[in-house]
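*Asks:* Below: sequence and its predicted model.
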Amino acid sequence: MSPTLSHIRCIFLLSLAAVMLLSGCGVESLPAKIILPCCYHPSENMPAKITKCFEQKPRWGCWTHAFQITDHRGRTGCVKPSQQINDMMEKNQLECRPDVSLLS
């Protein structure tokens, strides 16, 4: 006795339902949130030696344009955009990668 088309459809739908139920097991229902740091009050003072630099561009919840920096002693802070930073970046003395901004 060969299976009819309706039996094949029923088996397919049951298999599909089982896969959908089992694929959802062990997965959190809420998406992960990425919390990005925000520098709300950047300083105008820039340290002499900068080892790391990230450019913070305005985005939702953080409207300040600033540079998040780490100095040679490991201290972190943020500074306002300045001509000195622009000159260092143009001369390839400083690389300031963009942070993971949601709005550009």
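*Replies:* Looks like it came in fine. Values in this document were obtained by computation on a predicted structure and should not be read as measured data.
*Asks:* And the contacts of stretch 48-66?
*Replies:* Applying C-beta atoms under 8 Å, 6 or more residues apart in numbering, the set of residues contacting stretch 48-66 from outside is 36-42, 67-72, 78-81, 85, 94-99, 101-104. (C-beta placed from N, C-alpha, C; glycine too.)
*Asks:* Swap in 7 Å and give it another go.
*Replies:* Contact partners of stretch 48-66, identified using C-beta atoms under 7 Å, 6 or more residues apart in numbering, comprise 38-40, 42, 67-72, 78-81, 94-99, 101-104.
*Asks:* Count residues in the vicinity of residue 39, would you?
*Replies:* Here the number of neighbours of residue 39 (other C-beta atoms under 10 Å) works out to 21.
*Asks:* My guess is it contacts residue 68. True?
*Replies:* Yes. Counting by C-beta atoms under 7 Å, residue 68 is a contact partner of residue 39 at 5.9 Å.
*Asks:* what residues are shared contacts of the two?
*Replies:* With C-beta under 7 Å, 6+ apart, residue 39 and residue 68 have common neighbours 56, 78.
*Asks:* Just the buried ones from the contacts of stretch 48-66?
*Replies:* In the contacts of stretch 48-66, burial by neighbour count holds for 39, 42, 67, 68, 69, 70, 78, 79, 80, 94, 96, 99, counting by 16 or more other C-beta atoms under 10 Å.
*Asks:* Which of those fall within strands?
*Replies:* 67, 68, 69, 70, 78, 79 (DSSP state E).
*Asks:* Can you pick out the most distant pair from these?
*Replies:* Spanning the widest gap among these are 70 and 79, at 11.5 Å by C-beta to C-beta.
*Asks:* okay, and for this structure, where does confidence drop off?
*Replies:* Applying pLDDT under 70 to the chain flags the ranges 1-3, 5, 19-35, 100-104.
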